[in-house]
Every structure is written in C-alpha cells, then in structure tokens.
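> Pasting the sequence and the predicted coordinates here, then a few questions.
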Amino acid sequence: MPDFSSIGIDIGGTKISAAVVKNNEIVSDLKVLNTSNSADAILKQILEVTSSLTNSNDVSSLGIATAGAVNKDNSKVMGSTGNLPDGYSDIDFKNEIEKKFKLPTLLENDANAAAYAEYKTGNGIGKSNVIVITLGTGVGGGIIIDGKLMRGTSGAGAECGHIIMSFDRKRKCTCGTWDCWEAYASGTGYAITANEMAANITEDKRTSLLLNKKTGSITTYDIIDGLKVNDKFAIQVHNTWEFHVLLGLVSLTNIFDPDCFILSGGMADFINYDKIQKELSEMTIISKPQVLPAKAKNNAGIIGAGILAALKYGK
Ligand SMILES: [Zn+2]
C-alpha cells in the first residue's frame, strides 16, 4: 500500500480519542476527550477534533470507530450503541465531516476496527485468517477472512459474543436472548459464575475467600486476588471461566478454520495461553489455530479506523 495519512477517531462511552495515522502507526499527538452526554455535543466534539488535526496535518481521509453496528457501506451507525446517549445513531457523521472538511469518511464498528489494527500491526501480521475476540465487560469480535474484514449482509456480522452456548435459558444476555457466550466469557459473566458456584458450596468447603465474602457480592477482582494466593475456590471459578472461553473458540474454529485467535480486552490478561492452546487442539480435529494475546492494545480502534479509511479512499 502506498503512503497515506488519515485521521482515526474512536468514540467510546466514556472517552473519544483521535490521532493521525500513517503507515499503520499514530504519527500525531493523541487527542483525548471525555464523551459528552448529548448526541449534538458529541458531533460538535468530533468536528472540533477533526478541525484541530487537519489544521496541522496533511490527511486524505477519516475513519471513525464507534460502538454499535455500522451499515454495509460504512456510512451510518444502525443502533445498539451501548452507553452512548439517545440520538447518537441519528448523527450523520459522514455527511457532516465531508461537508465541512472535504474528507472522505468511513465508519466502522469499534471491535471490527480494533481487530483490523491487530491484523495489520499486531500479532496478526502475516496471517490471512484472523479472529480477534475482546474479553471485557462484554465479548466482542472481529473476523478477518482472506485479508478482508467480514461484515456480513447488513454490516452487523462478527458478533461472536452472541453465540448461544446452552438450551437451558439460564442467563439473560445484554442482547435480549439467553445464554450467549458473552454471558459467560465476559468479566460480567465471570462474576456471575463465581456467585453461582459460591451458592452451591457447603459450609465446610468454604475457602478463606468465601469466608470473607457474602455470596452474591463476589466480584471479578475478588477472584483474581484469590488466584494470587492460590485460593481453591478462586482457582475453580477461574478454570470454569477459561472453559467457557474455550468452548466459544472451539465453535469458531470449526466454522472459520482461522490461522489464529487473538484475545484482547482486560480479561484476556488472565488467560493461561499454553493451557487454552492445548485444550483447543484436543477439541478440534483438523484446524489447529494459534491462540495469542493482543499486541496492538492501545488505540487499536484509532489505528484500525484510520487504515480502513485509507484503504477505502486511498489516494
Ligand atoms: Zn447475546
């Protein structure tokens, strides 16, 4: 790909970050703002940050990584925008930016943009089929097949967190249905599992962690702290969670036969990569994808959005 400069902007529920991206790297100051609590104010923030970056840099396109599904031609957010304010999905970022700055603009789902950055600049370099799974408060996904971001018919594809894991209707998912992978493999799911398991432990089997904590109030941090002192209960919870993560990877392996999985997000730091790699190999027949931690951790959304804009509008 020839040299390019583009602006990448990542709009999240708590902060907006933006920078100029060139040759797959951030080459300007990083601008970080607290996300405003109204849709109109967010648009104003985006126009201001674009203005300040275009004033001091020569750029030819702009990419926005955003929460929510983005339509097939990357022009509009379609909904499910998490903790962003009402009216957010009605903002016409593309039209507003193109009108004001004459910069061709692309929107992409934030998990997809971050996955593309990992594919281009992180542990996905040199591979063609890469699945990036974000293990955080929820579970996000980005799928690159034969070097292309898989977006599906409407643009809403790669929502790996919503693979249904059971027939039992035990845990309600954020998407409105039941027993999605996200309800188990996320940090939120991890804490639910801990409290469910604690409720089933008899008095005599209580470890120090359980003696200090009331069932129902155990957090992910409590378990992680318990792991550090080899608390038996914490280890059981953690192993159960890793098994939940593994099952989703097995399903995705059988469907996509990827070169690798890359795990990102806060919870990915707690994965035992050697163990999950071995167990995944044991549960799949032909396809043997690698399981790797993410490398492009910081600002992956900005970098991915910038690269995707440059690829689409490259000049
Ligand atoms: Zn779901």
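On my side now, so go ahead. Numbers count the residues shown, from 1 in each chain.
> Would you mind listing what in this structure touches the ion?
Proximity of the chain to the ion, by CB under 5 Å from the ion, involves residues His162, Cys173, Cys175, Cys180. Every residue, glycine included, has its C-beta placed from N, CA and C.
> Who is the last one paired with across the strands?
When you say that, I think you mean Cys180. Cys180 has these beta-bridge partners by DSSP bridges: Ile164.
> tally of neighbours for it?
A count of nearby residues for Cys180, using other CB atoms under 10 Å, gives 27.
> That one touches Ser166, doesn't it?
No. Counting by CB atoms under 8 Å, Ser166 is not a contact partner of Cys180; they are 9.5 Å apart.
> Tell me which residues of the one helix or strand in the chain whose mean pLDDT sits lowest come out buried.
Here the helix or strand of the chain ranked lowest by mean pLDDT, DSSP states H and E is helix 208-212, holding a mean of 84. By 16 or more other CB atoms under 10 Å, the buried positions in helix 208-212 come out as Leu209, Leu210.
> The residue located most distally from the centre of the chain and Lys214: what is the separation?
Within the chain, the residue lying farthest from the chain centre (CA atoms, centre = their mean) is Asp204, at 40.4 Å. To Lys214, Asp204 is 18 Å away according to CB to CB, to the nearest Å.
> Report the secondary structure element holding the residue of the stretch 201-315 of the chain found nearest the ion.
The ion sits closest to Gly248 of the stretch 201-315 of the chain, with a gap of 11.9 Å, by CB to the ion. Using DSSP states H and E, Gly248 sits within helix 232-256.
> quick one: contacts for Ile145?
For Ile145, the contact set (CB atoms under 8 Å, 6 or more residues apart in numbering) comprises Ser128, Asn129, Phe256.
> residues contacting Leu249?
With the criterion set at CB under 8 Å, 6+ apart, Leu249 makes contact with Ile133, Phe261, Ile276, Leu280, Pro289, Val291.
> Including pLDDT, could those go into a markdown table?
As requested, the contacts of Leu249 are exported to a markdown table (pLDDT from 0 to 100):
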| residue | pLDDT |
| --- | --- |
| Ile133 | 96 |
| Phe261 | 98 |
| Ile276 | 98 |
| Leu280 | 98 |
| Pro289 | 97 |
| Val291 | 98 |
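> Looking at those, which are in helices?
Ile276, Leu280 (DSSP state H).
> Show me which pair in the contacts of Leu249 is furthest apart.
The span of the contacts of Leu249, defined through CB to CB, is set by Ile133 and Leu280 at 12.4 Å.
> And those two? Which one has more around it.
Just comparing Ile133 and Leu280: by other CB under 10 Å the higher neighbour count belongs to Ile133, 28 against 22.
> what sits opposite that one in the beta ladder?
Beta-bridge partners for Ile133, by DSSP bridges, are Gly141, Leu263.
> thinking again about what came up before, give me the distance between the residue of the stretch 201-315 of the chain closest to the ion and Lys228.
Noted for Gly248: a distance of 26 Å to Lys228, by CB to CB.
> doesn't Ala158 make contact with Arg151?
Yes. The criterion here is CB under 8 Å, and Arg151 meets it with Ala158 at 7.4 Å.
> the more surrounded of the two?
Ranked by neighbour count (other CB under 10 Å), Arg151 and Ala158 place Ala158 first, with 24 against 21.
> which element is the more buried one on?
Ala158 belongs to no helix or strand, assigned by DSSP H and E.
> begin at 13 from here
Got it, the first residue is 13 from now on, which makes the last one we talked about Ala170.
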